[in-house]
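Novice: Any chance you can model this:
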Amino acid sequence: MKKAFAQLHVAVFLAGFTAILGKLIGLNEGLLVWYRLLFSIIMLGFVAIFRKDFQRISKTDFIRITWVGFILAFHWVAFYGSVKYANASVAVVCISAAGFFSSIAEPLISKKKFVWFEMLLGVISLAGIYIIFDFHPHYKIGIVFGIFAAIGSAIFPIYNKMLLKEFSPGVLTFYEFTSGLLVLTFLLPLYFWCFDMPDYFIPALSDLLWLLVLTVFCTVMAFQLQLNALKKISAFTSNLTYNLEPLYGIVLAFVIFEEGKTLKPQFYYGLLLILAALTIQMLRVYNHSKIKGNQS
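Specialist: Numbering: from 1, shown residues only. As a prediction, the model looks like this:
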């Protein structure tokens, strides 16, 4: 059990590095995601062939998965856009708004009841982001990207959870990445037309090295560690632990890039509101799970 907890926390810590790597990689956010998907597909394909568990799916199933692959690509492009137009700290803070969007999207998509208390906590998180936005207007575009990233982060798990009833995690991830890459390939010219044209399209040597780190450690390895941990740890514990990802991201950004020196006090006021909402939700879900466990 201790080994499983260690694997899970390493996976969350690696996920916290994604914003840092997004800033270190000089590629445009769209190209960054394109290469991340490409490298991840190649690596996952080799892993599947080596383990002899590669699985073909029907065209109908691939079309269904393509929608989720598009959401994943959308989320990543928006997230790295937030990193590029603002900074790593702002990007990970904006992701905290995913709780609010999830409280609205999940009942609509899964046809469940609205949980008004969760919506209230989501509003508190949005208030924290608004405080940051109001006092850091030069981060405006980055924050807008961050909000879109939060929307993608909220919707993706809902559809993914539905598909996991039919496909194994490895198979689903491979085809989501593949479909996301195909969709992104068609949409990138339009994206470049709407935003700035990239300075270059082929990764520099430093970009290539950081992309490999992002692929190997923060995508494939983090994914495998989480799956191994889930063999002994409940999904609830896993989801609860992943709430630490924004906190890890902020701490890493402060240590590596010294972003704390460029942020006004209002950033911390907004961050405290977001962390308060996050803590309340974690305690609420934990108590609910404990009560449910005692009743069973």
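Novice: can you pull out the helices in this structure?
Specialist: 2-16, 18-24, 29-51, 59-85, 88-94, 98-110, 116-135, 140-163, 169-194, 205-215, 222-230, 235-241, 245-257, 265-295 (DSSP state H).
Novice: Report the contact partners of the residue nearest to N28 when sequence neighbours are not counted.
Specialist: Excluding the flanking residues, the one nearest N28 by C-beta to C-beta, 6 or more residues apart in numbering is P198, at 3.8 Å. Bear in mind the C-beta positions are built from the backbone N, C-alpha and C, glycine included. Contacts for P198 (C-beta atoms under 8 Å, 6 or more residues apart in numbering) come out as 27-28, 30-31, 192.
Novice: Can you report phi and psi for P198?
Specialist: Listed backbone geometry of P198 is phi -60, psi 150, with angles given as degrees, to the nearest 10.
Novice: How much space separates it from G26?
Specialist: To G26, P198 is 10 Å away according to C-beta to C-beta, to the nearest Å.
Novice: again with S102
Specialist: 32 Å.
Novice: shared neighbours of P198 and G26, anything?
Specialist: Common neighbours of P198 and G26 (C-beta under 8 Å, 6+ apart) do not exist.
Novice: where in the stretch 101-250 of the chain is pLDDT low?
Specialist: For the stretch 101-250 of the chain, the stretches with pLDDT under 70 are 133-136, 227, 230-243.
Novice: So which of S102 and G26 has more stuff around it?
Specialist: More neighbours surround S102 than the other of S102 and G26, with 22 against 16 (other C-beta atoms under 10 Å).
Novice: is it true that that one touches I158?
Specialist: Yes. The pair S102 / I158 is scored as a contact, 7.5 Å apart, by C-beta atoms under 8 Å.
Novice: Counting neighbours, what do you get for W210?
Specialist: Neighbour tally, W210, other C-beta under 10 Å: 21.
Novice: which residues touch it?
Specialist: Taking C-beta under 8 Å, 6+ apart, we find W210 in contact with 21, 24-25.
Novice: nearest spatial neighbour of the spatially most central residue of the chain, skipping sequence neighbours?
Specialist: In the chain, the residue lying closest to the centroid (C-alpha atoms, centre = their mean) is S153, at 5.7 Å. Once flanking residues are discounted, S153 sits nearest to A98: 4.2 Å by C-beta to C-beta, 6+ apart.
Novice: So for that neighbour, what's the pLDDT?
Specialist: We have a pLDDT of 80 for A98.
Novice: Please name the residues that touch it.
Specialist: Contacts of A98 by C-beta under 8 Å, 6+ apart are 150-151, 153-154.
Novice: Throw the contacts of P198 into TSV and include distance to Y80, thanks.
Specialist: Below are the contacts of P198 laid out as TSV (distance: C-beta to C-beta, whole Å):
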residue	distance to Y80
L27	9
N28	9
G30	8
L31	10
F192	15
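Novice: picking up where we left off before, buried deepest among the helices of the chain, which one?
Specialist: Most buried of the helices of the chain by mean neighbour count (mean count of other C-beta atoms under 10 Å) is helix 88-94; its value is a mean of 28.
Novice: Determine how far that one lies from the middle of the whole chain.
Specialist: Relative to its chain's centre, helix 88-94 lies at 12 Å (C-alpha atoms, centre = their mean, to the nearest Å).
Novice: for the record, mean pLDDT for that helix?
Specialist: On average, helix 88-94 scores 86.
Novice: Output that helix in PDB with nothing but the alpha carbons.
Specialist: What follows is helix 88-94 as a C-alpha-only set of coordinates in PDB (Å, rounded to 0.1, in the frame of the first residue of the first chain):
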ATOM      1  CA  ALA A  88       2.900  29.000 -15.200                       C
ATOM      2  CA  SER A  89       1.500  30.200 -11.800                       C
ATOM      3  CA  VAL A  90      -1.500  31.900 -13.400                       C
ATOM      4  CA  ALA A  91      -2.200  28.900 -15.700                       C
ATOM      5  CA  VAL A  92      -2.400  26.400 -12.900                       C
ATOM      6  CA  VAL A  93      -4.500  28.700 -10.800                       C
ATOM      7  CA  CYS A  94      -7.000  29.100 -13.600                       C
END
